[in-house]
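> my questions are about this predicted structure, shown below with the sequence.
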Amino acid sequence: MRRHLVWAVIFLLYVHSLMKSVDACDPTKRKKDRKNHCAGMDCDRGKCKVAGCSSCTGSNPWCAGYCTK
């Protein structure tokens, strides 16, 4: 019984951390910047697809994140 409780707690902690990092996948929750044309665009393998941008944000394992600079 105790082992099941430990696994349940570990699973819940994992799901909690995953839900916090999901913001990078949802385009409506990405931070936009009027001065920076590429802010909020999708990243590919940790690099921005748009020329002139270099920084990606997002720690979700299912998404590559989005450009910030």
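Thanks, I have the structure now. Residues are numbered from 1 along each chain as shown.
> how about the helices in the chain?
Taking DSSP state H, the helices of the chain run over residues 2-21.
> now it, which segments are flagged as low pLDDT?
By pLDDT under 70, the low-scoring segments of the chain are 18-27, 59-62.
> and the strands in this protein, which stretches?
Along the chain, counting by DSSP state E, strands occupy 43-44, 47-48, 56-57, 66-67.
> which residue, neighbours along the chain excluded, lies closest to residue 40?
With sequence-adjacent residues excluded and distances taken as C-beta to C-beta, 6 or more residues apart in numbering, residue 40 is closest to residue 30, at 4.2 Å. Where you see a C-beta, it was placed from the backbone N, CA and C, and this is true even at glycine.
> now residue 35: how far from residue 63?
24 Å (C-beta to C-beta, to the nearest Å).
> ok, now residue 15?
With C-beta to C-beta as the criterion, residue 15 and residue 63 are 16 Å apart.
> more neighbours: which of the two?
Neighbours were tallied for residue 15 and for residue 63 using other C-beta atoms under 10 Å; the higher tally belongs to residue 63 (16 against 10).
> good, wrapping up.
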